[in-house]
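> Predicted structure and sequence below. I'll ask about it afterward.
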4 protein chains.
Amino acid sequence: MTVIKDGESVLLYLNERRKWLVEAREGREFHTHMGIVRLGEVIGKDFGSCVTSTLGAEFYLLFPSLCDRIRQVRRPTQILYDKDIGLCLYRLGVGPGSVVIEAGTGSGAMTGSLANIVRPDGHVYSYEIRQEFMETAKRNLEKMRLGEYVSFRNADARDGFEEKDVDAVFVDLGDPWLVMDPVHTALKGGRPVASFSPTVNQVEKVVEAMAKRFVDIETVECFVRSIRVEKGKTRPMSLMVGHTGYLTFGRKILEK
Amino acid sequence: MTVIKDGESVLLYLNERRKWLVEAREGREFHTHMGIVRLGEVIGKDFGSCVTSTLGAEFYLLFPSLCDRIRQVRRPTQILYDKDIGLCLYRLGVGPGSVVIEAGTGSGAMTGSLANIVRPDGHVYSYEIRQEFMETAKRNLEKMRLGEYVSFRNADARDGFEEKDVDAVFVDLGDPWLVMDPVHTALKGGRPVASFSPTVNQVEKVVEAMAKRFVDIETVECFVRSIRVEKGKTRPMSLMVGHTGYLTFGRKILEK
Amino acid sequence: MTVIKDGESVLLYLNERRKWLVEAREGREFHTHMGIVRLGEVIGKDFGSCVTSTLGAEFYLLFPSLCDRIRQVRRPTQILYDKDIGLCLYRLGVGPGSVVIEAGTGSGAMTGSLANIVRPDGHVYSYEIRQEFMETAKRNLEKMRLGEYVSFRNADARDGFEEKDVDAVFVDLGDPWLVMDPVHTALKGGRPVASFSPTVNQVEKVVEAMAKRFVDIETVECFVRSIRVEKGKTRPMSLMVGHTGYLTFGRKILEK
Amino acid sequence: MTVIKDGESVLLYLNERRKWLVEAREGREFHTHMGIVRLGEVIGKDFGSCVTSTLGAEFYLLFPSLCDRIRQVRRPTQILYDKDIGLCLYRLGVGPGSVVIEAGTGSGAMTGSLANIVRPDGHVYSYEIRQEFMETAKRNLEKMRLGEYVSFRNADARDGFEEKDVDAVFVDLGDPWLVMDPVHTALKGGRPVASFSPTVNQVEKVVEAMAKRFVDIETVECFVRSIRVEKGKTRPMSLMVGHTGYLTFGRKILEK
């Protein structure tokens, strides 16, 4: 059992489509269309237990994964989807201790995912040219309690990265082909880069830019479809996300 | 730059479809249809550099990610695909320090992926009823140098797990519905379980078994399609993997 | 050139998402958020030409295909999608002169598609147990000017079909497995049946029911994804239909 | 019942993956790995009945649909898939009586599909620049007994079409954008064109070429996945066709 402490984050669960990230806090209330949940009463309860709103609705107190936290971040920009982040982290081979550059912080969804996985000994260097995005991402990372694993750089990735000998680079920019030279300079030999782009045309350009000094280049798109499972009535969901973007992977070579 | 040492693993890259995990070792040779690569000559070179085979073919020396190592494991059983492992790790919220149970070690692909991500302070407890599978997986984990983060249990998961208060459980069994009670007992409150199953019928049963004491149950299938990117001739690949299995996620509640 | 006559159907086109099936008719008006189109002025114009609304918006006068007409039918029930109708017609091998039974008229989308393709010498016999659905479908077929190629039967398909020696049968019922015996009786030897069902469980049952006296049984699902093509910004659409239903095909054998 | 006559085509069915188009003919034999089938013995039997090979294997005598015939044509070029043909025929709105131009005959798969659906009063004009392809397609159409509904033109579609006022045009060329002017000239106002292309770049160019004098332009890709239905073990097939090509639809306007 793990008891919820004062100030701890909790995922308040009503049903599959209604869940909120809240903070257990004496005197605070959380208002929903199904009544008010008193967040002080949550303190001292076990994760997994149930509380009742003022209207009698049952809410479960779930432990928020990083994934839950990221879905709830403030997002001035479109954030990456689970499917893309998961595949990307895995294919990049990042893990505890990795040193990673991110070009294009955006709202910090990938930043947080990288920081979570490289901690405590690794580090993420995240570049963002738009100051206001960087500030929002910084605050988002603080809320995830991952801020100490990230150095934010309010700089143009196209001008190059300060870091050298990094283990992996993730690029989420509108013009990723323009940073392939800096990416090459910053990476250790034989190490991977991944680039996320919504359009086919961006993909063509980034692959062309990579082709000179990277090998094992592969572009993929990832789809996830939900299944509505109900005994005797199981069927895929009617609507699905048809496209987010393409992921292009490559690995640095020293000369070609 | 990172120099390849004696005994170190190297991903020998010829082209997108031809890459091999080899060991830099004095006096050893690696034979391919494109000639012999002398693995002693590799020592002292930088990752990312190029060697020439006896037939004049160029091979690049890439740094093997965990992902590369896993694809090359001995596999008495079908192994999980990147797309499923990546999504699963991310959705389970496992990270450095997590304590995780795996029910159904198989060839150890997921075991290695979990071990890599929970190290150095977390741990994986992996259950496998078939002794010979467990032994192969053990050897695979040793090769990945991740053995110390895993405790193998040659036991039937349906009889329950020794561990309590774990952060997440991953199930890859033919009859996952039969372990949902032990999974519930072993998990901390509000924490996630994921189950991988190839058939719709298994999914129906596992969802039914979960429904009693888990919430936020979702079943998804994940597709990945490769794009052949070539300037002016870009098109998706003709063949793709149409199905591996379904991933079902749920979260433990204390009572319902 | 083909001139639009009084009383003729026209597809009034504003943009990809806004098009309406209207009737050229003296004195009639069609109101849109972009102004009023006078439908009398359309008479005598060529298909493909442009008219201007009272608010100055340009509408093109397109020739409505059967497909356009079907999308616009009154639909008390969910109608089949283009992708499923197209594949089904083609795989059933129906063409001019075919005699076809439809079990489950619904709104008449498939009825119209079948009628259009078997005319003028073929015929469609369409069974619908719910009188009000049949009446709506009848009116829809009249509007498509295909009524003469269809005989509607307000009867329960499970009780059997009046027709014998038909060339193909299409089934769109909630319990298709219950009509496989009547389907077998009505079909010529070696001829095809197709059944449309939303759930996996229906598919399992219909395949089981078919297995006794049909061969070459195949179940497929069909996806269509739209691509937003724009020079330099081409990308698939973000949302797509993830599921409508499964199509199961089989062919009658005489004994097994 | 329909009795098989001398000279009639029969689909000899062993299992889902093994079926052959043969001709019932006195004295002829058909050799398979499961023994010899005497094709003279087939005459006089009913479609749907079963014959036994010299090795005791059972073969069913199925009625070949056009779709079966097309899959078996000689194919010097890649042929279109069911899914693409079905969707295309339906979206083009072709039916009995339609007059259609095809630019790029190829092996004649689409030619046959169009001919079958426009007969007996419609007609297909099929253009093919490579004489040898045209000859093969002609022979294929004769075998399908659809030759009389098609006029083959051994000419370059880019030079324009002889026909005017056609109901629909189907384009399957490597450079479809170069025929959009002739297509426009040949079509009746407000009528549809469809173009099939494997690459994204072709699609971009054809859409650009269409944009000037066509509206309601839409590009789609169509996927079909087979499901292995077995009671209690139902799952999608492991491999699927990931890509054949994109279908782009548009409709002629008179001026813009």
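Received it, and whenever you're ready, just let me know what you need.
> make it CA atoms for all contacts and neighbour counts henceforth
Will do.
> And for the residue of chain A found nearest chain D, the neighbour number?
Chain A approaches chain D most closely through residue A:200 (7.8 Å), counting by Cα to the nearest Cα. Neighbour count of residue A:200, defined by other Cα atoms under 10 Å in any protein chain shown: 23.
> Residue A:16 too?
Close neighbours of residue A:16, defined as other Cα under 10 Å, add up to 10.
> can you tell me which residues contact it?
Residue A:16 makes contacts with B:215, B:216, B:217, B:218, as judged by Cα atoms under 8 Å, 6 or more residues apart in numbering or on different chains.
> filter the residues you listed to the buried ones?
Those of the contacts of residue A:16 that meet the buried threshold are B:215, B:216, B:217, B:218, by 16 or more other Cα atoms under 10 Å in any protein chain shown.
> Doesn't the third one lie inside a helix?
No. The assignment for residue B:217, made by DSSP: H, G, I helix; E, B strand; the rest coil, is strand rather than a helix.
> what's the closest non-adjacent residue to it?
Nearest residue to residue B:217, sequence neighbours excluded (Cα to Cα, 6 or more residues apart in numbering or on different chains): residue B:250, at 4.3 Å.
> which SS class is that neighbour?
At residue B:250 the chain is in strand, as set by three-state DSSP.
> what residues are up against it?
Neighbour list for residue B:250: B:192, B:193, B:194, B:210, B:214, B:215, B:216, B:217, B:218 [criterion: Cα under 8 Å, 6+ apart].
> Now the residues you listed in a markdown table, please, with extra columns for distance to residue D:95 and pLDDT.
What follows is the contacts of residue B:250, written out as a markdown table (distance: Cα to Cα, whole Å; pLDDT from 0 to 100):
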| residue | distance to residue D:95 | pLDDT |
| --- | --- | --- |
| B:192 | 55 | 98 |
| B:193 | 54 | 98 |
| B:194 | 51 | 98 |
| B:210 | 52 | 97 |
| B:214 | 54 | 98 |
| B:215 | 52 | 97 |
| B:216 | 49 | 97 |
| B:217 | 47 | 97 |
| B:218 | 44 | 97 |
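> Break chain A into its domains for me.
Domains of chain A are assigned by automatic domain parsing as A:9-64, A:68-252.
> Now do the longest one: distance to the chain's middle.
Taking the mean C-alpha point of domain A:68-252 and that of its whole chain, the gap between them comes to 8 Å (Cα atoms, centre = their mean, to the nearest Å).
> end-to-end on that domain?
33 Å (Cα to Cα, to the nearest Å).
> which parts of chain A sit against chain D?
residue A:200 (Cα under 8 Å from any Cα of the partner chain).
> any residues touching the least confident helix or strand in chain A by mean pLDDT, and which ones?
Counting by mean pLDDT, DSSP states H and E, chain A has its least confident helix or strand at helix A:66-71, which shows a mean of 88. Helix A:66-71 is touched from outside by A:11, A:21, A:82, A:109, A:112, A:113, A:116, A:144, B:90, B:91, B:93, with contacts defined as Cα under 8 Å, 6+ apart.
> got the contact list for stretch A:116-126?
So stretch A:116-126 is in contact with A:66, A:94-105, A:111, A:114-115, A:146, A:149-153, B:95-96, B:117, going by Cα under 8 Å, 6+ apart.
> what about residue A:110, neighbour count?
Neighbourhood size, residue A:110 [other Cα under 10 Å]: 26.
> Residue A:78 is in contact with that one, correct?
No. Counting by Cα atoms under 8 Å, residue A:110 does not reach residue A:78; the two are 11.5 Å apart.
> before we move on, back to that, mind giving me the ChimeraX select for the contacts of stretch A:116-126, buried ones only?
The buried residues among the contacts of stretch A:116-126 can be selected in ChimeraX (16+ other Cα under 10 Å) with this line:
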select /A:66,94,95,96,97,98,99,100,101,102,103,104,105,111,114,115,146,149,150,152,153 /B:95,96,117
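> Restricted to helices, list the contacts of stretch A:116-126.
Under the assignment DSSP state H, those contribute A:66, A:111, A:114, A:115, B:117 to helices.
> Widest-spaced pair of the residues you listed?
When Cα to Cα is used, the two most widely separated members of the ones in helices among the contacts of stretch A:116-126 are A:111 and B:117, lying 16.5 Å apart.
> what about the strands in the stretch 51-200 of chain A?
Per DSSP state E, counting those that start in this stretch, the stretch 51-200 of chain A carries strands over the ranges A:58-62, A:99-103, A:123-127, A:150-153, A:168-171, A:192-197.
> follow-up on the earlier one: please point out which parts of the least confident helix or strand of chain A sit buried.
For helix A:66-71, burial by neighbour count (16+ other Cα under 10 Å) applies to A:66, A:67, A:68, A:69, A:70.
> cool, stretch A:22-38 as well?
Within stretch A:22-38, the residues scored as buried using 16+ other Cα under 10 Å are A:22, A:23, A:24, A:25, A:29, A:36, A:37, A:38.
> Quick check: the third one touching residue A:10?
Yes. Between residue A:24 and residue A:10 there is a contact under Cα under 8 Å: 6.9 Å.
> Tell me which residues are up against stretch A:145-155.
With Cα under 8 Å, 6+ apart as the contact definition, stretch A:145-155 has outside contacts at A:111-112, A:115-116, A:118-120, A:122-131, A:134, A:138, A:141.
> Give the rounded mean pLDDT of stretch A:3-10.
For stretch A:3-10, mean pLDDT rounds to 94.
> typo on my end, it should be stretch A:112-128
97.
> do stretch A:24-37 as well
Mean predicted confidence for stretch A:24-37 is 95.
> Quick one: distance of it to the chain centre.
Offset of stretch A:24-37 from its chain centre (Cα atoms, centre = their mean): 27 Å.
> And chain B, is it touching that?
No. Using Cα under 8 Å from any Cα, stretch A:24-37 stays clear of chain B, with a minimum separation of 15.0 Å.
> again, but for stretch A:46-63
Yes. Using Cα under 8 Å from any Cα, a contact is recorded between stretch A:46-63 and chain B, made by A:46, A:47, A:48, A:49, A:50, A:60, A:61, A:62, A:63.
> Show the pLDDT at the closest residue to the last one other than its chain neighbours.
It refers to residue A:63. Leaving aside its chain neighbours, residue A:63 sits nearest to residue B:190 (5.0 Å; criterion: Cα to Cα, 6+ apart). Looking at residue B:190, its pLDDT reads 97.
> can you tell me which residues contact residue A:6?
Counting by Cα under 8 Å, 6+ apart, residue A:6 has contacts A:24, A:25, A:26, A:43.
> hmm, try it at 6 Å
A:24, A:25, A:43 (Cα atoms under 6 Å, 6 or more residues apart in numbering or on different chains).
> Using JSON lines, please lay out these together with distance to residue B:254 and secondary structure.
Listed next are the contacts of residue A:6 as JSON lines, based on distance: Cα to Cα, whole Å; DSSP: H, G, I helix; E, B strand; the rest coil:
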{"residue": "A:24", "distance to residue B:254": "18", "secondary structure": "coil"}
{"residue": "A:25", "distance to residue B:254": "22", "secondary structure": "coil"}
{"residue": "A:43", "distance to residue B:254": "16", "secondary structure": "coil"}
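> ok, so of these, who is nearest residue A:158?
Within these, proximity to residue A:158 (Cα to Cα) peaks at residue A:24, which comes in at 42.9 Å.
> Surely the closest one and residue A:7 touch.
Yes. Using Cα atoms under 6 Å, residue A:24 is in contact with residue A:7, at 5.1 Å.
> Okay, and residue A:225 sits in which element?
For residue A:225, the host element (DSSP states H and E) is strand A:214-228.
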